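[1] Fold the following.
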Amino acid sequence: MGREQSGTRKFLYFCVTGLITTLLAACAPVEIKTTEPENAHLQRGQQLLVQGDFEGAVRENQEVLTLFPQNPPGDEALFNMGMISIHYANPKKDFGQALHYFSRLKKEFPESPRTEEAKTWVSILETMEKARQKGVEIEKKMKELSAGQKNVHLRRGQRLLAQADFEGALQENQEVLTRFPQKTPGDVALFNMGLIHVHYANPKRDIVQALHYFSRLVKEFPESPRMEEARIWVGILETMEKTRQIDIEIEEKKRELRR
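    Here you go, the predicted model:
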């Protein structure tokens with residue numbers, strides 16, 4: 001059900017985005033024939049827009065808005081900047097910025113002939129923003145759910161370890177490592193499995209196996225906060241293993257001498 005809702009919202013978002021692209025692709029710049037200074041800026045802005053110089057086009061329209069913040073053609077400049085901000089070919093298109101310009105036009109120039117168009121764009125962009133916010137919320141919840149699922153196995157492993165169910169604790173941590181072999185919390189799982197194998201109460205403790213897990217952590221998760229502890233364990237266990245091998249060799253020599 002969650003996937004279906006997420007898919008529906010994404011579909012809505014992309015549909016609206018596609019609608020904007022289609023509308024903008026169909027838009028042609030309005031020809032300005034007057035020679036007033038402000039209109040010269042508007043005309044230059046349109047020329048720069050056609051040439052793909054979106055930043056330059058915004059600057060020309062901003063110049064008009066600075067000269068006429070409360071009177072026409074300030075309304076035209078606001079509308080143009082809104083359209084530039086969502087232009088299909090603009091690599092820095094910004095729907096939030098476009099919404100800002102259209103909203104200003106609607107509020108500051110209620111009598112402008114561009115106001116109705118601005119209202120339409122405000123409605124479209126607000127719908128898109130709501131869809132985007134819902135998508136962000138869903139993504140956040142999915143991450144939280146995923147994190148919860150990771151921690152379920154780790155917590156269960158800790159409970160089983162406290163109950164002296166060493167095999168069960170290993171299985172829970174192995175489940176985490178299987179799901180996250182190259183990222184956290186796979187490093188935590190490796191560390192836990194190393195500790196389980198050297199646990200003083202574990203009847204099947206295995207120094208070699210513990211060394212294997214700690215060594216993997218050091219090699220595969222160099223950025224892990226557990227890495228330094230794992231490295232210390234590697235040093236301890238390697239020393240223990242060497243001592244064990246020496247003891248074995250001594251025992252073999254004693255046997256040979258007895259013969």
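
[2] give me the element Arg59 is part of.
    Using DSSP states H and E, Arg59 sits within helix 54-67.

[3] Please list the residues outside that helix that contact it.
    Helix 54-67 is contacted from outside by 37-38, 41-42, 44-46, 48-49, 73-74, 76-78, 80-81, 84-85, 87, 90-92, using Cβ atoms under 8 Å, 6 or more residues apart in numbering. Yep, even glycine has a C-beta here, placed from its N, CA and C like the rest.

[4] Heading C-terminal from it, find the next helix or strand.
    helix 74-85.

[5] That next one: how far from the chain's middle?
    Distance of helix 74-85 from its chain centroid, counting by Cα atoms, centre = their mean, to the nearest Å, is 32 Å.

[6] Give me the buried stretch members for the helix or strand following it, please.
    Using DSSP H and E, the helix or strand that follows helix 74-85 in sequence is helix 95-108. For helix 95-108, a neighbour-count test (16 or more other Cβ atoms under 10 Å) marks Phe95, Gln97, Ala98, Leu99, His100, Tyr101, Phe102, Ser103, Arg104, Leu105, Lys106 as buried.

[7] The second one: what's it in contact with?
    Meaning Gln97. Going by Cβ under 8 Å, 6+ apart, Gln97 touches Ser85.

[8] Could you list the low-pLDDT ranges of the stretch 1-150 of the chain?
    1-37, 134-135, 138-150 (pLDDT under 70).

[9] Can I have the buried ones of the contacts of helix 54-67 as a ChimeraX selection?
    A single ChimeraX command is used to select the members of the contacts of helix 54-67 judged buried by 16+ other Cβ under 10 Å:
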select :38,41,42,44,45,46,48,49,73,74,76,77,78,80,81,84,85,87,90
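
[10] of the buried residues of helix 95-108, closest to Lys254?
    Lys254 lies nearest to Phe95 out of the buried residues of helix 95-108, by Cβ to Cβ, at 81.8 Å.

[11] quick one: the closest one from His199, how far?
    Phe95 sits 56 Å away from His199, going by Cβ to Cβ, to the nearest Å.

[12] same deal with Arg258?
    36 Å.
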